[in-house]
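K.L.:
Can you look at this prediction? I've put the sequence above it.
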Amino acid sequence: MASLEETIAERVEAQADRIVETLSALVAFPSIVKSNPKEAGPGERDCQLYLQGRLEALGFTTDLWDPDGPALYAKYQGRPGANKGRTFEGRPNLGGVLKGTGGGRSIMLTGHIDVVPPGAAQHWATDPFKPVLKDGFVHGRGTIDMKGGVACMLMAVEILKGLDVPLSGDIVFTTVVDEEIGGMGSLAMVDRGFHADAGIMTEPTANKIAPLCHGILWGKIIIDGIGGHAELTPNAWYSGGPVDAVQLCRQMLDGIDILNRRWMFDPKKNHPLMDQPNQIIVTQVSAGEHPSSMAGRAEIIIDAQYLPSEKDEFALGGNVKREIEEHVFNVCQADPYLRLHPARVEWILDADCAEIPADNPFVQTFQEAVKAANLSPALSGFGAHSDIGLPSGLGNTPTVNFGPGDPAQSHQPNERVSVRDLVDCTKAIALAVERWCR
C-alpha cells in the first residue's frame, strides 16, 4: 500500500494538466500594475475574483477588499511597505482561511498577482496575455513572476482537499496587488490580520528554498551643471561659463563603479547564500535639454541592494542610504565645481528584507518535504527583493521564498515556465503543508 506522501506525489503528477490550466487562466488576466495606480485596468480585480471562486469551492472563508492606501501610509509611515501615493480602488487584495480540525500548526501560502507591463510587442514571440503551452513550457507574462507560484500553491491545496488529507492546522491563502511597485499590498494583507505559524511566498526560486532576500533602495542622483552652447569655446565656469552635466555624470558613474568594487570584498556586503555581493545598479540615466547645448542637468537612477544584517532601527535601509550619500559627497570633493555644487540624492523607494534562520523548525520541515519531492533541500538566497519581510516581521509569520521557474526571466519578454517545474513545486508545497499542519 502506498504511503500518504506517495499518494500525494502521484496525484500531483496526475494533475499536471490541471496545474497548466490554472496557470493559463491566471495569465490570461492582464493584471498590470502601474506607477499611477489610478491608471490600472480591471485585470487585477478580475484575477482576484477568479481566485476567490476557486478558494470558496474548496471551502475557504474569503475576504476580498480594496485597501485604504492613504490610511495605511498614515499608520505605517517610515516603516516597511509604506509608500506614499498608492491607492487601491478597484484593485483588491484577497485572503482566505481553510480551517483545520484544531490543535495543529497553521501555514500561509502567499503571492502577488500583479505583473509588470510586457513592453514592446515585437519582443514577444507570443501574445503575453494569451498563454501558450509549447515544448513543455507555459509562455506568457507572469508565468515566472509570479502566477506560476500562485497556481502551484492553489493546486497544492486543491489536491490535498481532493484526497481528504486530514490537517489539524489552518491553511491561510493570500494574494496581493502592488508588489511590483513597492509592496504596499502585502502591508495591507498583514495589517488586515492574516498570519500563520509559518509561510511560503511562491516567488520564482527555481524550486529552491530561499529564506533570505535583499532589501532594495531606489534613488535618484541629481547633478546640476550649467548649460551653454556646445559648439563654441566656453569660458571657465567660475567666470560664468558652462559646466557639462554629462561630463559630471561620467565622473559619478565612475564613482559608483569604485563603490561596487569596494563592496565586492566587504564581508558586510556578502552572504553565503547569495551568489553575488550587494551592488548599486544604474538603471536609468538622463541628461541634456537640446542637441546643440551642453547639458545643464543630469539624473542617475540607481537600484541598490542591502542585507538584513544592515537594516536600521526601522527595519529599513537607512544605514546604506547614508553610506551611499557619503560616497556621493566624497566623489564630489574630487571636482572643483562639484565641491561647491555637490550632487544630491533623492530616495524613491526603500523595500525591506528578511532572513529566516536555517534552524527554524519550518525551514527544516520544508527541507524534508522538498527532499521527499526529489528536489534539492539546499538553501539559497533570493537575489531580488521579495515581500517576505512584511509577514515575517510585522506579521510574525516566518516566511520563505519557494517557487517554480528561473528568476532571471522575471520582467523579460517571452517569460516561460516548464511544466516540470510547476509539478515539482506543487508537489513540494503539498508535502510541506501535510507535514507542517498534520
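P.N.:
Ah, there it is.
K.L.:
ok, the residue most central in space within the chain - contacts?
P.N.:
With distances taken as C-alpha atoms, centre = their mean, residue 386 lies nearest the centre of the chain, 3.5 Å away. Residues in contact with residue 386 (C-beta atoms under 8 Å, 6 or more residues apart in numbering) are 201, 203, 213, 401. Glycine gets a C-beta too; all of them are placed from N, C-alpha and C.
K.L.:
Please repeat the previous calculation with a cut-off of 10 Å.
P.N.:
Contacts for residue 386 were tallied using C-beta atoms under 10 Å, 6 or more residues apart in numbering; they are 111-112, 146, 179, 183, 186, 201-205, 210, 212-214, 216, 351, 353-354, 399-401, 403, 407.
K.L.:
Can you turn the buried part of these into a PyMOL selection?
P.N.:
Buried members of those, defined by 16 or more other C-beta atoms under 10 Å, are picked up in PyMOL with:
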select buried, resi 111+112+146+179+183+186+201+202+203+204+205+210+212+213+214+216+351+353+354+399+400+401+403+407
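K.L.:
that older thread, quick one: the residue nearest to the centre of the chain is in a strand?
P.N.:
No. Assessed with DSSP: H, G, I helix; E, B strand; the rest coil, residue 386 is coil; it does not lie in a strand.
K.L.:
State the pLDDT value of it.
P.N.:
On pLDDT, residue 386 comes in at 93.
K.L.:
Could I have the CA atoms of stretch 71-88 written out in PDB?
P.N.:
Extracted C-alpha coordinates of stretch 71-88, given in PDB (Å, rounded to 0.1, in the frame of the first residue of the first chain):
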ATOM      1  CA  ALA A  71      -4.800  55.400   5.800                       C
ATOM      2  CA  LEU A  72      -2.100  52.600   5.600                       C
ATOM      3  CA  TYR A  73       0.600  55.200   4.800                       C
ATOM      4  CA  ALA A  74      -0.500  57.400   7.800                       C
ATOM      5  CA  LYS A  75      -0.400  54.400  10.100                       C
ATOM      6  CA  TYR A  76       2.900  53.000   9.000                       C
ATOM      7  CA  GLN A  77       4.800  56.000   7.600                       C
ATOM      8  CA  GLY A  78       8.600  55.300   7.800                       C
ATOM      9  CA  ARG A  79       8.100  51.600   8.200                       C
ATOM     10  CA  PRO A  80       8.500  48.800   5.600                       C
ATOM     11  CA  GLY A  81       5.900  48.700   2.900                       C
ATOM     12  CA  ALA A  82       4.500  52.200   3.500                       C
ATOM     13  CA  ASN A  83       4.600  54.000   0.100                       C
ATOM     14  CA  LYS A  84       3.000  57.400  -0.300                       C
ATOM     15  CA  GLY A  85       0.500  57.900  -3.100                       C
ATOM     16  CA  ARG A  86      -0.600  54.300  -3.600                       C
ATOM     17  CA  THR A  87      -4.300  53.800  -3.900                       C
ATOM     18  CA  PHE A  88      -6.300  50.600  -4.400                       C
END
